[in-house]
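S.K.: Okay, here's the prediction I keep looking at, along with the sequence it came from:
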Amino acid sequence: MPISPRTALCGIALHPAGHTRSPAMHNAAYEALGLDAVYLAFDVLPEALGAAVAGLGALGIRQLSVSLPHKVEVMRHLDEVEETARRIGAVNTVTRRDGKLVGSNTDWLGAVQALERETALEGRRAVVLGAGGTARAVSFGLLERGARVTVLNRTPDKARDLADALGAEAAGPLADLQGTRHDVLVNTTSVGLAEDASPVSPTALRAGTVVMDAVYEPERTRLLRDAESVGARIVPGKWMLVYQAAAQLESWIPGRAPIEVMERAFDRAGQ
Ligand code: ATR
């Protein structure tokens, strides 16, 4: 669709901006739906975040995705922060509603909808590896869906803090996975990102479980390959990103987001 005076502008604020696949996903969705909109990446330095958010209001930008390193800091600059985002402690979406800039969080929904491709979550025993920002959103989502959550982390104190803050059942070091019965396992540590390594021993993985890795590059991380080889079902981390983007889109369009179109765009953007 040609750009016109009516074209809606959306985008993502992050720094550095080189590698995001969000423009590919959102623009592919707009095209598939015939939406008169365009989505750009904005490389926003931390010291310019307040000005960028003010500009968002002034320019009438429809929606802004917020990525690292801005997800916590952006809250100070908004008119309202939804309760869910406040409890997670991070905003990944800023939307204009009745002239106000409202912060929300779709990362937790992206994680649970990705897992729900393979399993229901109510009453399931879930283990989250890691205790950073991603672990917090994923744990929140699992608890929201009624799962029983254990948080394991290299630094166990941080796992305990996260578990206490959100109401998870248990916490401990990564090695505790060995003795922890689970139905669902989610890696949110950065292990596997830059090296062919897994945060846990393959002997701790179990057949019949569902294993998801927030690391999406490479698509089949060492953890996911180990999980497949013991007979677990796997969910590549790209689905978390596809579903969090779909939820962002669905918050300002009337219908459903085209999931398969967005997934294909995500894949193409990584080639
Ligand atoms: P994010 O916002 O993506 O969650 P983060 O807040 O920096 O990122 O969290 C990174 C997570 O990866 C932490 O849980 C970290 O463990 P620590 O709390 O002990 O630092 C985990 N992590 C990073 N490198 C790791 C490694 N080599 N082995 C195990 N865990 C690691």
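M.R.: Here it is on my side, so go on.

S.K.: so how far is Thr93 from the nearest residue to Glu82 once chain neighbours are set aside?
M.R.: Spatial nearest neighbour of Glu82, chain neighbours left out: Ser104 (4.5 Å); criterion: Cβ to Cβ, 6 or more residues apart in numbering. (Glycine included, C-beta is placed from N, CA and C.) Taking Cβ to Cβ, to the nearest Å as the measure, Ser104 and Thr93 are separated by 5 Å.

S.K.: which neighbours do these two share?
M.R.: Common contact partners of Ser104 and Thr93 (Cβ atoms under 8 Å, 6 or more residues apart in numbering): Ser251.

S.K.: May I have the phi/psi pair for the residue nearest to Glu82?
M.R.: The phi and psi values for Ser104, taken as degrees, to the nearest 10, are phi -140, psi 180.

S.K.: Please name the residues that touch it.
M.R.: Contact analysis of Ser104 by Cβ under 8 Å, 6+ apart lists Val81, Glu82, Thr84, Ala85, Val91, Asn92, Thr93, Val94, Thr95, Ser251.

S.K.: Please repeat the previous calculation with a cut-off of 6 Å.
M.R.: If you count contacts by Cβ atoms under 6 Å, 6 or more residues apart in numbering, Ser104 has them with Glu82, Ala85, Thr93.

S.K.: how near is the second one to the ligand?
M.R.: So that's Ala85. Using Cβ to the nearest ligand atom, to the nearest Å, Ala85 is found at 15 Å from the ligand.

S.K.: Near the ligand, which residues of this structure are found?
M.R.: Neighbours of the ligand within the chain, by Cβ under 6 Å from any ligand atom: 130-135, 153-155, 158, 188-191, 199.

S.K.: Out of those residues, which is nearest to the ligand?
M.R.: Nearest to the ligand among these, counting by Cβ to the nearest ligand atom, is Gly132 at 2.1 Å.

S.K.: picking up where we left off before, strands - which of the contacts of Ser104 land there?
M.R.: Mapping the contacts of Ser104 onto strands (DSSP state E) picks out Thr93.

S.K.: can I get the contacts of Ser104 in a markdown table with neighbour count and pLDDT?
M.R.: Formatted as a markdown table, the contacts of Ser104 follow (neighbours: other Cβ atoms under 10 Å; pLDDT from 0 to 100):
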| residue | neighbour count | pLDDT |
| --- | --- | --- |
| Glu82 | 16 | 97 |
| Ala85 | 26 | 97 |
| Thr93 | 25 | 98 |
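
S.K.: In stretch 263-271, which of the residues would be classed as buried?
M.R.: Going by neighbour count (16 or more other Cβ atoms under 10 Å), the buried part of stretch 263-271 is Glu263, Arg264, Ala265, Phe266.

S.K.: try stretch 139-157
M.R.: Buried residues in stretch 139-157 (16+ other Cβ under 10 Å): 139-143, 145, 147-153, 156.

S.K.: Could you tell me which residues within the helix or strand containing Trp239 count as buried?
M.R.: Assessed by DSSP states H and E, Trp239 sits inside helix 238-250. Buried residues in helix 238-250, counted by 16+ other Cβ under 10 Å: Lys238, Trp239, Met240, Leu241, Val242, Tyr243, Gln244, Ala245, Ala246, Ala247, Gln248, Leu249.
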